[in-house]
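S.K.: below are the sequence and a predicted model; questions follow.
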Amino acid sequence: ILLFGEPIRWETNLQLLMDVLLTNGSPGRVYDAQLPAQLPVLACNMDLMWMAEAPSPRFGHGMFLLCLESVYRKLTGRELQYEALLGKPDLLTYQYAEQLLRLQNRNHKISTIYAVGDNLMTDIYGANLYNRYLSQQQAAMTTTTKLVAQGTGSHVTMAAPEVELVCAAAQCRSILVCTGVYNPRSPLPSDRSSVVTETVFHSHRDLELERDLMEPHHLVEDVEAAVDLLLQQESTITSDL
């Protein structure tokens with residue numbers, strides 16, 4: 001089962017997904033809530049909310065996944081298991097993005113990647129997680145230790161080929177804009193208790209809360225200001241060289 005984005009008719013799609021999941025892919029049969037194995041489910045686009053023309057954020061695909069997980073748990077007593085979760089903040093998404101950047105740059109090395117977004121739970125969390133991963137890659141160039149990227153529920157171990165280590169960027173800088181999901185008038189509380197996990201951390205169920213990963217390197221008003229900032233940063237670096 002591949003889940004790409006929130007559907008138009010949620011009830012119809014939730015019904016169809018249950019028909020498939022609880023019959024092991026044969027929706028013409030009667031439900032069997034005690035199936036020994038679950039069909040593989042792959043999902044992307046985990047944003048709980050996204051911003052459109054409305055004054056408040058709209059439900060995203062992450063909200064649909066939340067409903068799907070709740071219905072599955074209610075009918076079976078078990079948690080829905082994912083074969084993979086893709087898209088921000090998953091590391092694979094940023095690795096692929098960097099690969100495309102290198103191709104567009106004629107395979108020249110890129111020292112810094114700038115990630116601009118309006119969602120702390122996906123855009124900023126993912127960019128900072130990738131920045132951590134790049135730091136580990138830099139360290140791995142001088143050691144034989146395997147790379148371990150934490151922050152995605154189950155720990156992801158990545159042993160990158162030597163050529164990837166040499167070509168990888170040195171850092172990924174996160175830039176948060178105030179024209180989308182993030183509201184500068186409602187900052188995150190400093191409390192690290194379980195209340196934060198339940199009421200503030202709106203990312204997917206299978207992601208861990210690491211507050212350090214939700215702190216952007218830069219905070220600007222909008223995308224235009226973000227572009228001005230990164231151009232200023234790069235011109236300063238060029239002049240220093």
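M.R.: Happy to help now that I have it.

S.K.: quick one: average confidence on the helix ranked longest in the chain?
M.R.: With DSSP state H setting the assignment, residue counts place helix 223-240 as the longest helix in the chain. If you average the pLDDT over helix 223-240, you get 84.

S.K.: same check, this time on stretch 88-97
M.R.: pLDDT averaged over stretch 88-97 gives 90.

S.K.: what residues are up against Leu120?
M.R.: 176, 181-182, 188, 214, 216 (C-beta atoms under 8 Å, 6 or more residues apart in numbering). Where C-beta positions appear, they are placed from N, C-alpha and C, glycine not excepted.

S.K.: now tabulate these in TSV and tack on pLDDT.
M.R.: TSV is the format used below for these (pLDDT from 0 to 100):
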residue	pLDDT
Leu176	95
Val181	88
Tyr182	88
Leu188	56
Met214	87
Pro216	94
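
S.K.: could I have the buried ones of those as ChimeraX selection syntax?
M.R.: Selection of buried members from these for ChimeraX, criterion 16 or more other C-beta atoms under 10 Å:
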select :176,181,182,214,216
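
S.K.: in strands, which of the contacts of Leu120 appear?
M.R.: Among these, the members falling in strands (DSSP state E) are Leu176.

S.K.: for the helix or strand where Leu129 lies, packing partners?
M.R.: Applying DSSP states H and E as the criterion places Leu129 in helix 125-140. With contacts taken as 3 or more C-beta pairs under 8 Å, 6 or more residues apart in numbering; DSSP states H and E, helix 125-140 sits against helix 91-104, strand 112-117, strand 147-149, helix 162-167, strand 171-177.

S.K.: weakest of the ones you listed in terms of mean pLDDT?
M.R.: Looking at the helices and strands packed on helix 125-140, the bottom one is strand 147-149 with a mean of 49.

S.K.: could you list the low-pLDDT ranges of this structure?
M.R.: For the chain, residues meeting the criterion pLDDT under 70 lie at 141-167, 186-202, 237-241.

S.K.: nearest residue to the middle of it?
M.R.: Geometric centre of the chain, nearest residue: Pro89, 1.5 Å, by C-alpha atoms, centre = their mean.

S.K.: got phi/psi on that one?
M.R.: Backbone torsions for Pro89, taken as degrees, to the nearest 10, come to phi -100, psi 20.

S.K.: need the nearest residue in space to it, chain neighbours excluded.
M.R.: Gly126 (2.8 Å; C-beta to C-beta, 6 or more residues apart in numbering).

S.K.: repeat that for Leu101.
M.R.: That would be Ile110: by C-beta to C-beta, 6+ apart, it lies 5.8 Å from Leu101.

S.K.: any idea how far the one you found lies from Thr23?
M.R.: Ile110 sits 48 Å away from Thr23 when distances are taken as C-beta to C-beta, to the nearest Å.

S.K.: ok, now Trp50?
M.R.: 32 Å.

S.K.: same check on Gln104?
M.R.: Relative to Thr23, and taking C-beta to C-beta, Gln104 is found at 45 Å.

S.K.: the two: which has the busier surroundings?
M.R.: Thr23 (16 against 10; other C-beta atoms under 10 Å).

S.K.: three-state assignment of the more buried one?
M.R.: coil (DSSP: H, G, I helix; E, B strand; the rest coil).

S.K.: the nearest residue to it once chain neighbours are set aside: how many residues sit nearby?
M.R.: Nearest non-adjacent residue to Thr23, counting by C-beta to C-beta, 6+ apart: Arg29, 4.5 Å away. Using other C-beta under 10 Å, Arg29 is surrounded by 11 other residues.

S.K.: now Leu219: which helix or strand?
M.R.: strand 218-220.

S.K.: mind listing the strands that strand pairs with, and their directions?
M.R.: Here strand 218-220 has these sheet partners by DSSP bridges: strand 171-177 (parallel).
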